[in-house]
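Asks: From the sequence below, what's the structure:
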Amino acid sequence: MRRTSLLKRIARREDGVTIIEFAFAMPVFAVILMALFDLGFQIYAQSIVQGAVQEAARASTLESGGSNSAALDDTVRKNVQTVIPGATLTFTRKNYANFEDVGIPEDFTDTSGSEDGICNNGEPFDDVNGNGVWDADRGADGLGGARDAVLYGASASFERVFPFHSFVPGMSKDVVIEGATVLRNQPYNEQGDRDPVVLNCP
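Replies: Below you'll find the model as predicted:
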């Protein structure tokens, strides 16, 4: 009887229940907290990269693409790596005749009868950037010439703050953040002509 009574008293005791509940909840809470920190840092990094690109662009003037272009890259790299020391940065430039052309596809005539919105089956298109193929973005690679609009982009790659890739299948250990802005080359000369050549899609 005494043993049964003791067991009943123990069963009614709730001392230590909170510790057990905490032990179950803590790992889940910790993962959620780390995920929020990781996401928050990515958002912060995005603002840093975009801000560095725009700040450097405002402080620069683009001429023929030599030392000034390298100085622009160095400024962005320095500003980003001050906050994200391990970041690896790459830069891209595409040039256009004007701001309105940025991100616009090359014109083509949809003559195949299907009107599928795809340049194919020998349909004619205007090769604006001179690379011999139809592009969804008519910009030409590089800094361009005088008075051209330039889409300047920076991509920063760095390791995640927390190693989620170790236990989340398919997740990369690196985060890639991109920023971009559009600049106008200085009028140090007359703007070059961009006469498109009519070619045919395969």
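Asks: pLDDT score assigned to the spatially most central residue of the chain?
Replies: The centroid of the chain falls nearest to residue 178 when counting by Cα atoms, centre = their mean (2.8 Å). Here the pLDDT value assigned to residue 178 is 96.
Asks: The host helix or strand of it pairs with which strands?
Replies: Assigned by DSSP states H and E, residue 178 belongs to strand 174-184. Partner strands and pairing direction for strand 174-184 (DSSP bridges) are strand 149-159 (antiparallel).
Asks: Could you list the buried residues of the partner strand?
Replies: 149-158 (16 or more other Cβ atoms under 10 Å). C-beta: built from backbone N, CA, C; applies to glycine.
Asks: So which of those is the closest to residue 47?
Replies: Within the buried residues of strand 149-159, the smallest distance to residue 47 is 11.8 Å, found for residue 156 (Cβ to Cβ).
Asks: now that closest one, which residues is it bridged with?
Replies: Beta-bridge partners, per DSSP bridges, of residue 156: residue 89, residue 177.
Asks: That one contacts residue 83, correct?
Replies: No - with contact defined as Cβ atoms under 8 Å, residue 156 does not reach residue 83; the gap is 9.9 Å.
Asks: Now the common contact residues for these two.
Replies: Contact criterion Cβ atoms under 8 Å, 6 or more residues apart in numbering; residues shared by residue 156 and residue 83: residue 45.
Asks: tell me which element residue 103 falls in.
Replies: Going by DSSP H and E, residue 103 is not in any helix or strand.
Asks: nearest spatial neighbour of it, skipping sequence neighbours?
Replies: residue 137 (5.9 Å; Cβ to Cβ, 6 or more residues apart in numbering).
Asks: now swap in residue 52 and tell me
Replies: residue 79 (3.9 Å).
Asks: Which secondary structure state is assigned to the one you found?
Replies: Here residue 79 is recorded as helix under DSSP: H, G, I helix; E, B strand; the rest coil.
Asks: For it, give its distance to residue 49.
Replies: 9 Å (Cβ to Cβ, to the nearest Å).
Asks: where does the protein have low pLDDT?
Replies: For the chain, the stretches flagged by pLDDT under 70 are 1-17, 60-67, 112-114.
Asks: can you give me the helices in this structure?
Replies: Along the chain, counting by DSSP state H, helices occupy 2-12, 17-58, 67-83.
Asks: Out of these, which is the most enclosed?
Replies: The highest mean neighbour count among the helices of the chain, using mean count of other Cβ atoms under 10 Å, belongs to helix 67-83: a mean of 16.
Asks: Compute the inter-axis angle for that helix and strand 174-184.
Replies: 140 degrees (axes from the mean of the first three to the mean of the last three Cα atoms, to 10 degrees).
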